[in-house]
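S.K.: Sequence first, then the predicted structure:
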Amino acid sequence: MSELRQDPSTRDWVVIAPERGLRPHPVAQPPARVPVETEADCPFCVGHEAETPPEVWRLPPERTAPWRVRVVPNRFPMLAPDGTPRREVSADGLVRMPGIGRHEVIVESPDHWADLARADNSGVAAVLEAYRARYRALRAEGAGVILIFRNHGARAGTSIAHPHSQIVAAPVVPIQVRHRFDVAMQHYDDLGTCLYVDLLEREVHDGRRVVLETPKFVAFQPFAAVAPFETWIMPRAPQPAFGDVDDAALDALAPVLRNVLAGLAEVLGDPDYNAIIQSAPPGDESREYFVWHLRVIPRLATPAGFELGSGMAINPTLPEQTAELMRRAIARLS
């Protein structure tokens with residue numbers, strides 16, 4: 001079983017998960033690209049459902065109908081559901097706890113060659129519906145933090161090419177997540193306004209970094225983007241928790257996400273990227289000083305010594321210029 005260990009120098013939690021080394025591509029030899037397995041080799045393809053753990057959710061729910069999206073526990077989980085997440089402190093003051101939680105895979109399509117950047121709006125909305133359904137289910141189990149993410153390409157951590165996302169529920173709130181929330185809380189205490197509402201208003205007013213605007217969402221590249229072409233998608237109506245979005249918001253988010261991913265593919269030639277939903281921790285979802293948002297971070301460079309030693313990112317591009325490239329690309333595609 002995995003376990004969580006706390007770094008005494010930073011108070012960050014680290015997941016120690018030896019089972020993850022049993023995945024198709026061990027961490028010691030990362031592939032230059034994700035191997036193109038055939039449908040016959042792929043555990044996520046139609047007809048291979050018995051090769052995954054039993055489903056916890058599917059769309060449509062009727063077992064008699066072909067599935068569009070299915071959710072299964074990860075075969076090589078970083079956290080497992082059995083046990084009690086109780087901290088243990090050793091005689092020399094080191095803190096650990098069992099690696100209790102959930103780690104699930106959202107299989108986004110029965111089509112092995114599908115991708116959200118090329119899907120229609122209903123296909124993207126179906127994946128978002130799975131995200132929300134599992135977020136709500138894991139929240140009800142008492143998770144400390146719930147993270148939904150999509151790894152696209154080997155540099156982003158993908159080991160299977162079939163389109164899929166993942167969701168992890170952990171018993172602790174990581175320092176980075178807590179810091180992001182604490183900064184928003186301090187802003188609210190100082191000024192009486194929501195940091196993310198203020199940020200979005202500034203971006204829309206400035207306009208140079210805006211990639212796409214719709215009545216419900218704005219996609220933009222942040223002023224201090226940590227990577228080239230980093231793009232945020234944020235709702236205009238402030239809401240702390242992704243799990244509380246309604247059907248209309250999911251339907252409105254689908255074309256925005258698809259256009260952003262298609263724009264990145266058009267400009268960068270299908271780059272590796274991570275897409276992450278940042279949501280308030282379940283215990284803080286009633287706080288009005290946070291707004292959930294989706295971050296897409298292309299993996300165009302590898303962090304080196306300075307970045308790892310300082311914790312500071314180096315972005316060799318101007319967000320104002322890369323946003324303009326994205327606007328043009330999305331206009332061409334539409």
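M.R.: Everything's here; your move.

S.K.: can you list contacts of stretch 189-201?
M.R.: Identification of contacts with stretch 189-201 by Cβ atoms under 8 Å, 6 or more residues apart in numbering yields 183-184, 187-188, 218, 220, 234, 236, 238, 288-291, 293. (Each C-beta comes from the backbone N, C-alpha and C, glycine too.)

S.K.: can you give me the end-to-end distance of that stretch?
M.R.: 19 Å (Cα to Cα, to the nearest Å).

S.K.: Can you give the distance from that stretch to the centre of its chain?
M.R.: Relative to its chain's centre, stretch 189-201 lies at 24 Å (Cα atoms, centre = their mean, to the nearest Å).

S.K.: Show me what counts as buried in it.
M.R.: 194-197, 199-200 (16 or more other Cβ atoms under 10 Å).

S.K.: now, which of those lie within helices?
M.R.: 195-197, 199-200 (DSSP state H).

S.K.: which one of those residues is nearest residue 248?
M.R.: Nearest to residue 248 among these, counting by Cβ to Cβ, is residue 200 at 19.0 Å.

S.K.: before we move on, back to that, got JSON lines for the ones in helices among the buried residues of stretch 189-201, with distance to residue 124 and pLDDT too?
M.R.: As requested, these are exported to JSON lines (distance: Cβ to Cβ, whole Å; pLDDT from 0 to 100):
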{"residue": "195", "distance to residue 124": "28", "pLDDT": "94"}
{"residue": "196", "distance to residue 124": "23", "pLDDT": "94"}
{"residue": "197", "distance to residue 124": "26", "pLDDT": "96"}
{"residue": "199", "distance to residue 124": "25", "pLDDT": "94"}
{"residue": "200", "distance to residue 124": "22", "pLDDT": "96"}
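
S.K.: all strands for the stretch 151-300 of the chain, in order.
M.R.: 164-170, 210-213, 217-220, 231-235, 273-278, 293-298 (DSSP state E, counting those that start in this stretch).

S.K.: picking up where we left off before, will you turn the buried residues of stretch 189-201 into CSV that also has distance to residue 167?
M.R.: Listed next are the buried residues of stretch 189-201 as CSV, based on distance: Cβ to Cβ, whole Å:
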residue, distance to residue 167
194, 26
195, 26
196, 22
197, 27
199, 26
200, 25
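
S.K.: measure the nearest residue to residue 156 once chain neighbours are set aside to residue 297 for me?
M.R.: Counting by Cβ to Cβ, 6 or more residues apart in numbering, residue 156 lies nearest to residue 272, which is 4.5 Å off, once chain neighbours are set aside. Going from residue 272 to residue 297 by Cβ to Cβ, to the nearest Å gives 10 Å.

S.K.: in the one helix or strand in the chain whose mean pLDDT sits lowest, what's buried?
M.R.: The helix or strand of the chain with the poorest confidence is strand 13-16; it has a mean of 74 (mean pLDDT, DSSP states H and E). For strand 13-16, burial by neighbour count (16+ other Cβ under 10 Å) applies to 13, 15.

S.K.: now do stretch 60-71
M.R.: 67-71.

S.K.: ok, so of those, who is nearest residue 41?
M.R.: When these are compared against residue 41 (criterion: Cβ to Cβ), the nearest one is residue 70, at 18.3 Å.

S.K.: quick check, that closest one in a strand?
M.R.: Yes. Judged by DSSP: H, G, I helix; E, B strand; the rest coil, residue 70 forms part of a strand.
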